[in-house]
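Participant: the sequence and its predicted three-dimensional model are supplied below.
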Amino acid sequence: MNSERNYSMTKRSITVAETQGRILQAVLELATEKLTVEIVLADVAHRSGVTVQTILRHFGSRDGLFDAAVEFGGAEVMAERAAPVGDIAEAVRVIIDHYETRGDWVIALLGQEGSDERIRGITMPGKQLHRDWVESVFGPELADHAGPEDRVVTDLLVVATDVYTWKLLRRDRGLSRELTEQRMRHLVDAILASPRE
């Protein structure tokens, strides 16, 4: 009897998690298509195949939903950006893969940060996340440039691997994913190889 009850509760927990995941994914998808202030619960409900009441039952309010979506998106971003320390080629490949998945979404959010406090609460930590990623992944190379110049090298690597750099090459120039990765790798290599004063 207990095993049947445990199975039923486990199955219900999985169903709840799947429903919440669909809802949160719908919010992230809609955020690439329109301003977040334009996203209404009916849009999210339609996209995720649930009712508005179901969304409210799971998240309490629109604010609760958006807070959960930020946390959900943040966890996915962290997983997508995981790269081995000191492997430059793999780091560039990983960041390009991440931008291929999220780059347009991030650019859309950055375009809203000046007018939406909630979005600024996402983009500002995101910028720090990128800098922390550079300092971690390129740590061994940065150790070769100790002192005041390490901030210069870090700044340049942040720019070379930034989502705007990806956008300039991939979207504005129309380069393929492969050529975009090559160009970004060339920038990184040039920064690391350049003589320091």
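Facilitator: Noted; the coordinates are in hand.
Participant: distance of the most centrally placed residue in the chain from residue 26?
Facilitator: Nearest to the mean C-alpha position of the chain, counting by C-alpha atoms, centre = their mean, stands residue 77 at 3.7 Å. For residue 77, the distance to residue 26 equals 17 Å [C-beta to C-beta, to the nearest Å]. Backbone N, C-alpha and C define where each C-beta goes, glycine included.
Participant: got the domain ranges for this structure?
Facilitator: Here the domain assignment for the chain is 1-65, 81-197, based on automatic domain parsing.
Participant: mean pLDDT for those domains: which is lowest?
Facilitator: Comparing mean pLDDT across the domains of the chain, the lowest value falls on domain 1-65: a mean of 84.
Participant: how far does it sit from the chain's center?
Facilitator: 20 Å (C-alpha atoms, centre = their mean, to the nearest Å).
Participant: equivalent analysis for stretch 118-129, please.
Facilitator: 10 Å.
Participant: over to stretch 177-195?
Facilitator: Using C-alpha atoms, centre = their mean, the distance between the centre of stretch 177-195 and that of its chain works out at 22 Å.
Participant: what sits up against it?
Facilitator: Around stretch 177-195, the neighbours that count as contacts under C-beta atoms under 8 Å, 6 or more residues apart in numbering are 88-89, 92-93, 95-96, 100, 138, 141, 153, 156-157, 160-161, 165-166, 169-170, 175.
Participant: just the buried residues out of those, in ChimeraX syntax.
Facilitator: Selection of the buried residues among the contacts of stretch 177-195 in ChimeraX, burial being defined by 16 or more other C-beta atoms under 10 Å:
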select :88,92,95,96,138,141,153,156,157,160,161,165,166,169,170,175
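Participant: in strands only, show me the contacts of stretch 177-195.
Facilitator: Within these, no residue falls in strands by DSSP state E.
Participant: so where do the helices sit in this protein?
Facilitator: Residue ranges of the helices in the chain, as given by DSSP state H, are 2-33, 41-48, 52-59, 62-80, 88-110, 117-137, 139-143, 149-160, 163-166, 177-193.
Participant: show me what the fifth one is packed up against.
Facilitator: Secondary-structure packing of helix 88-110 (3 or more C-beta pairs under 8 Å, 6 or more residues apart in numbering; DSSP states H and E): helix 2-33, helix 62-80, helix 117-137, helix 163-166, helix 177-193.
Participant: fine by me, thanks again.
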